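>>> take a look and give me a structure for this.
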Amino acid sequence: SVEINGRKVSAISFNPTDVPQTEWNENDVAALEHNLDAYSAFLHFSRLNDDKKTKAAAADLKDFILAMWNESLSHFCSGANLKTGAVNKDEFYLDNQTWSLLALDAKTIKELNAKNALTMNCDGLLVDHEEVIGFMDTKPARRPAKLKFVWSEGTAGQILAMRKYTEIHNENISCKGQDFSTLLENIIKMKKKDGGIAYSTSTTNPDFTTASSVAGTAWYYFAA
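I've put the predicted structure just below:
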């Protein structure tokens with residue numbers, strides 16, 4: 001547990017031990033993305049099994065998730081240092097905005113300016129690359145991204161978050177003229193000969209590939 005913005009919260013660390021090859025200590029850091037995964041898993045397990053322990057854990061993690069909400073900018077920050085409580089404001093990730101909206105309940109979303117988080121994705125991460133319009137995964141918060149490419153999994157996540165927002169607020173939302181259907185049509189342009197959806201358009205980023213992707217294909221089906 002750690003105090004963040006005057007609020008005592010608990011979170012799951014990035015890794016139980018430090019990885020010597022990296023410049024930062026994984027044991028000291030909590031990533032919002034991973035805590036959203038854990039929150040969703042604990043919440044649904046507790047509901048299905050009437051389990052008090054995982055219900056309490058989900059409640060603790062929800063406190064951490066909401067502590068990552070930047071009120072002045074109306075978007076979620078990427079994580080925090082569990083020793084110092086310092087929040088990472090230097091990176092902006094697509095998933096932090098979309099997964100948060102997919103994980104949280106309608107009442108909580110209504111209390112946040114969630115539309116602005118989705119709009120920030122549109123303004124900062126929407127690109128047209130190799131005749132495909134979609135979303136990059138991340139960029140530095142204070143300068144343009146070095147690499148621009150379309151990420152199928154993340155684009156599908158944005159579609160799902162936009163749809164959820166529309167259902168909750170009964171308000172259509174689009175992204176620079178791109179709505180649910182046109183974004184889906186762009187993802188299908190990434191279909192490979194084997195029937196799968198490419199993980200991304202071409203990029204030198206070693207974490208992404210133009211080969212068929214389980215994640216890209218599965219998330220496309222969720223969105224479709």
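>>> going forward, measure contacts and count neighbours with C-alpha atoms only.
OK.
>>> any idea how far S174 is from W151?
18 Å (CA to CA, to the nearest Å).
>>> neighbour count: those two, which is higher?
W151 (26 against 18; other CA atoms under 10 Å).
>>> need the residue closest to the centroid of this structure.
D95 (1.5 Å; CA atoms, centre = their mean).
>>> name the helix or strand for it, please.
helix 94-103 (DSSP states H and E).
>>> after that helix comes which helix or strand?
Next helix or strand after helix 94-103 toward the C-terminus (DSSP H and E): helix 106-111.
>>> which other helices and strands contact that following helix?
helix 152-169 (3 or more CA pairs under 8 Å, 6 or more residues apart in numbering; DSSP states H and E).
>>> so what touches the helix it packs on?
94-95, 98-99, 101-102, 106, 110, 114-115, 118, 134-137, 171-174, 180, 183-184, 187, 190, 197-200, 215-217, 219-220, 222-223 (CA atoms under 8 Å, 6 or more residues apart in numbering).
>>> do stretch 101-111 as well
L36, Y39, S40, A114, L160, A161, K164, Y165, I168, H169.
>>> got it, and stretch 120-131?
Counting by CA under 8 Å, 6+ apart, residues outside stretch 120-131 touching it are 75, 94, 97, 133-139, 148-150, 175-176, 201.
>>> mind listing what's buried in that stretch?
By 16 or more other CA atoms under 10 Å, the buried positions in stretch 120-131 come out as M120, N121, C122, G124, L125, L126, V127, H129.
>>> all helices for the chain, in order.
Per DSSP state H, the chain carries helices over the ranges 32-49, 52-67, 94-103, 106-111, 114-125, 152-169, 180-188, 214-223.
>>> in JSON lines: those, plus mean pLDDT and distance to P206.
Formatted as JSON lines, the helices of the chain follow (pLDDT from 0 to 100; distance: least, CA to CA, whole Å):
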{"stretch": "helix 32-49", "mean pLDDT": "97", "distance to P206": "20"}
{"stretch": "helix 52-67", "mean pLDDT": "96", "distance to P206": "29"}
{"stretch": "helix 94-103", "mean pLDDT": "96", "distance to P206": "18"}
{"stretch": "helix 106-111", "mean pLDDT": "93", "distance to P206": "34"}
{"stretch": "helix 114-125", "mean pLDDT": "92", "distance to P206": "19"}
{"stretch": "helix 152-169", "mean pLDDT": "96", "distance to P206": "16"}
{"stretch": "helix 180-188", "mean pLDDT": "96", "distance to P206": "21"}
{"stretch": "helix 214-223", "mean pLDDT": "97", "distance to P206": "16"}
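>>> no further queries at this time; thank you.
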